Structures are given as structure tokens and as C-alpha cells.
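Asker: sequence below, structure please.
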Amino acid sequence: MNILSLQSEVVYGHVGQGAARFALQRLGHEVWAIPTVILSSHAGHAMVEGEAVSPEAMRRLVGGLASNGWLEQCDAVISGYLGSAAQAEIVRGAVRCVKDSNPAALYVLDPVFGDDGRAYAKPGVAEAMARTLLPLADIVTPNAFELSSLAGVAVRDVTDALVAAKRLARPLVVATSVPAAADRIGALAAGAKDAWFASTPRLDNVPRGAGDLFAALFLSARLEGHDLQPCLERTTSSVFHVLEKSIAAHSSEMLLIQEQNCLLQLSVRGEVRLEQISPGKGY
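Answerer: Sure, this is the predicted structure:
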């Protein structure tokens, strides 16, 4: 499959394109990566250099793909962190161009603008994503904070997450970092006909980029034609594996290259608990 990916590019580490592109390529997909920012590393490190890519540069890159007829061959678009609110319009144009040629193409919006109770994206980015990109999305993959912000609903548990997911009014919402029991956390996948919740033990000091990796792996599973349940279960298992190994090694970055074989495994880690959510719980 051919996938257009518009998100952050870092020289060091595995966030944004550094997580999504490698994972998708390892799973056999062609990835056309357009950067929204180019940074030396993610902002969690002591020194970060780099800058946002101008909307005009992004427009020209998308235009080059379109002029060569390549966007007509695109099977999916995924977007993540944006360096400015103005970039949302460029992403919107790319998605519409792809869908005009291939209406079956999937668009995954990973609305990367905040976490842990705070927004970290540039002013106006979250609003631009909600206004410009959310209405086009086939799949939305927010974390709990982003879901709460987009839906205007506090997300304290699975029931809250279901209510918030319904408010987004998209075909499929997959929310990560949803609180479960005191020692567990999980991902909720809520579609038109069913909803599932996959939880794992809560991990401390998690390296950044897990959400970027999750969105990419979930997209790959959907492109392979899997139902909602195995998509969620396998994606959650792979991400948990990478995070657990990275924490055990005291790594500040995900050990994505070292643990890449887990992306191909069909077996599910025993720590993953899967629950089908009743429509009576708010969806």
C-alpha cells in the first residue's frame, strides 16, 4: 500500500515520522513522508534545534507528488503534529486530492497537540485540526487529553471516552491513554457498530512517540482488512512491547529498531486485556 504521511521529522529518536514511517515500511508499505517540522530531536531533550516547514514548501511537495500522478496511487493519508495552524489547510488539500482520485483511501487524523493535561502545539493548531481536518477523517487517534479537548467532555474513564468519541461524529475513533483501573491504562476503539477496550499495565516514564507508533500500526492493520477487535488488540500489544523493553533498558527513546520484530508478530502479549464495550455504556 502507498501511504502519504505528514508529520514531524526528527534527526534523533523515534517520534513523528521517525516512529510512523519506519513501522509502516517494516510492515511492507511505501511511505511518502512530508515533514511539518524538522527538529534535532523531540522537545523533551535539553537542547532542540530546527524549525517548522513553511506551508508553501509543504504545498510544493504535495504538488510535486500530484503532478507526477502519484497521489492517484495513494491508499491512505496519515497526519500528525503540525508546526503551525496554516499547515492544516495544506493537509486538507492533500487529503481531498487523494480522495478525489481514490474515494476508498483512508485518512487517519492523529491530532497531536497535547498530553498530560496541557497543550504543547503552537497557538491555533488544535482549533485548525478540529475545524479543517476532523470533518475529513475516517479514523481519529487522539490521546485522552486530545479527545477531551476535541469533544468538550472530561475523559476520566472508558464511559467518558465513549461519550466523547460519539461527539466527534467520525466513523472510527481510537483513543489512547484512557484511564482504566488504578494500575492499568488502555485504548478505546469506537466504531459505528461496536466498541472495544484494550488495556495494559500502566508504565512509568514512557518514552515519547508511542501515540505516533500506535496510529501507524492501527492504520496498517486496517489496510490489511482486519476487523476492529484484532486491529486494536495487535496494535496495543506491539506498542506495549516496545515501551516495556525501552523502559527496561532505561532508554529515553523508544527502542523501535531493536524491537522491530514485534511489529510482525501475530501473537498478543498476555498483559493485554480486551473487553467489548456495551452500547449501554454511552455509545
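
Asker: what bits of the stretch 151-283 of the chain have low per-residue confidence?
Answerer: The stretch 151-283 of the chain contains residues with pLDDT under 70 at 279-283.

Asker: over to Asp160. Which of the three states is it?
Answerer: Classification of Asp160 by DSSP: H, G, I helix; E, B strand; the rest coil places it in helix.

Asker: what's the helix or strand for the residue nearest the centre of the chain?
Answerer: The residue lying closest to the centre of the chain (Cα atoms, centre = their mean) is Ala215, at 3.1 Å. Here Ala215 is covered by helix 210-223, with elements defined by DSSP states H and E.

Asker: and for Arg92?
Answerer: Judged by DSSP H and E, Arg92 forms part of helix 87-101.

Asker: correct me, but Arg202 touches Gly186?
Answerer: No: contact criterion Cβ atoms under 8 Å: Arg202 and Gly186 do not qualify, at 9.4 Å. Placement of C-beta: from N, CA and C, glycine included.

Asker: okay, those two: which has more neighbours?
Answerer: Gly186 (26 against 15; other Cβ atoms under 10 Å).

Asker: wait, what's in contact with that one?
Answerer: By Cβ atoms under 8 Å, 6 or more residues apart in numbering, the residues touching Gly186 are 158, 178, 180, 197-200, 236, 273.

Asker: can I get those in TSV with secondary structure?
Answerer: As requested, the contacts of Gly186 are exported to TSV (three-state DSSP):
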residue	secondary structure
Val158	helix
Val178	strand
Ala180	coil
Phe197	strand
Ala198	strand
Ser199	strand
Thr200	strand
Thr236	helix
Arg273	strand
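
Asker: what segments of the stretch 101-250 of the chain are strands?
Answerer: Secondary structure of the stretch 101-250 of the chain, counting by DSSP state E, counting those that start in this stretch: strands at 106-109, 114-115, 118-119, 139-140, 172-179, 184-190, 195-201.

Asker: columns distance to Val37 on top of those strands, output as a markdown table?
Answerer: Formatted as a markdown table, the strands of the stretch 101-250 of the chain follow (distance: least, Cβ to Cβ, whole Å):
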| stretch | distance to Val37 |
| --- | --- |
| strand 106-109 | 17 |
| strand 114-115 | 16 |
| strand 118-119 | 16 |
| strand 139-140 | 21 |
| strand 172-179 | 22 |
| strand 184-190 | 26 |
| strand 195-201 | 30 |
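
Asker: quick one: which of these is nearest Ala23?
Answerer: strand 106-109 (13.0 Å; Cβ to Cβ).

Asker: neighbouring contacts of that closest one?
Answerer: Here strand 106-109 makes contact (Cβ under 8 Å, 6+ apart) with 75-79, 95, 98-99, 129, 133-134, 136-141, 215, 218-219, 222-223.

Asker: burial count for Leu223?
Answerer: 19.

Asker: mind listing what it touches?
Answerer: 1, 3, 29, 75-76, 106.

Asker: for the residues you listed, work out which two are farthest apart.
Answerer: By the measure Cβ to Cβ, His29 and Leu106 form the most distant pair in the contacts of Leu223, at 12.1 Å.
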